[in-house]
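# need a structure here:
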Amino acid sequence: MVQISVDDWDLFQSLNQDPEVISLCFDEPSPEAIKESFESRLPVWSNSSEHWLCLTMTLTETGEKIGVTGFRIVDGSAEVGYLILPQYHGRGFGTESLKALIAWASKEQGITSFGAVVTEGNIGSEKVLTKSGFSLTKVVPEAYEIGGKLYADHVYSYENIVS
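As a prediction, this is how the structure comes out:
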């Protein structure tokens, strides 16, 4: 995994427009909002940054980029997120990348508190989180609207005790 670069625009745009990827994450953003989101992730990241650390997931065998993963620091905790191209859903790449991200963030950045918010019904993302050691800590009813429908937010957390 490496930090996103200007060369990753097509991947980022596709991930933010594909109905299969975003259906239980958010409404399709405008082209301008996607571009703004992409550009906000391009500056070099450090643990004092306010923007997302956005890393591309790459298949070792082929070099093909299949998604993004990363986090941003909010009140001392890393809020994690990930988007993966549909043809790679259910193949363990989300879990593998999230576990690697947590290990790196804990060891290299001293981050031990992680969180994630998943929209009700996004079973795939919930499986990734639980396989990565996260626990469901709160359900917030009717917290998020997608396509005119209100969904509950499922709030997950993970504390990595580094010894």
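# which residues of this protein fall in helices?
For the chain, helices defined by DSSP state H occupy the ranges 9-17, 19-22, 31-40, 93-109, 123-131.
# Compare the ones you listed and give me the one nearest residue 56.
Closest to residue 56 of the helices of the chain is helix 9-17 (CB to CB; 6.8 Å). C-beta coordinates here come from the backbone N, C-alpha and C atoms, glycine included.
# in that closest one, what counts as buried?
Buried positions in helix 9-17, judged by neighbour count with 16 or more other CB atoms under 10 Å: 11, 12, 15, 16.
# how near is residue 147 to residue 25?
11 Å (CB to CB, to the nearest Å).
# Of the two, which one has the most company?
More neighbours surround residue 25 than the other of residue 147 and residue 25, with 16 against 10 (other CB atoms under 10 Å).
# Not counting residues beside it along the chain, what's closest to that one?
Excluding the flanking residues, the one nearest residue 25 by CB to CB, 6 or more residues apart in numbering is residue 119, at 6.4 Å.
# Could you double-check that that neighbour lies in contact with residue 150?
No. Using CB atoms under 8 Å, residue 119 makes no contact with residue 150, being 10.3 Å away.
# shaky segments in this structure?
For the chain, the stretches with pLDDT under 70 are 162-163.
# make it 90
Counting by pLDDT under 90, the ranges of the chain that qualify are 1, 24, 47-48, 74-76, 160-163.
# Contact partners for residue 141?
Shown in contact with residue 141 (CB atoms under 8 Å, 6 or more residues apart in numbering): residue 152.
# Can you give me the separation between it and residue 55?
To residue 55, residue 141 is 32 Å away according to CB to CB.
# How about the residue sitting nearest the centre point of the chain: what's its closest non-neighbour residue?
The residue lying closest to the centre of the chain (CA atoms, centre = their mean) is residue 81, at 1.5 Å. Spatially, and ignoring its direct neighbours in sequence, residue 81 is nearest to residue 70 (6.4 Å; CB to CB, 6+ apart).
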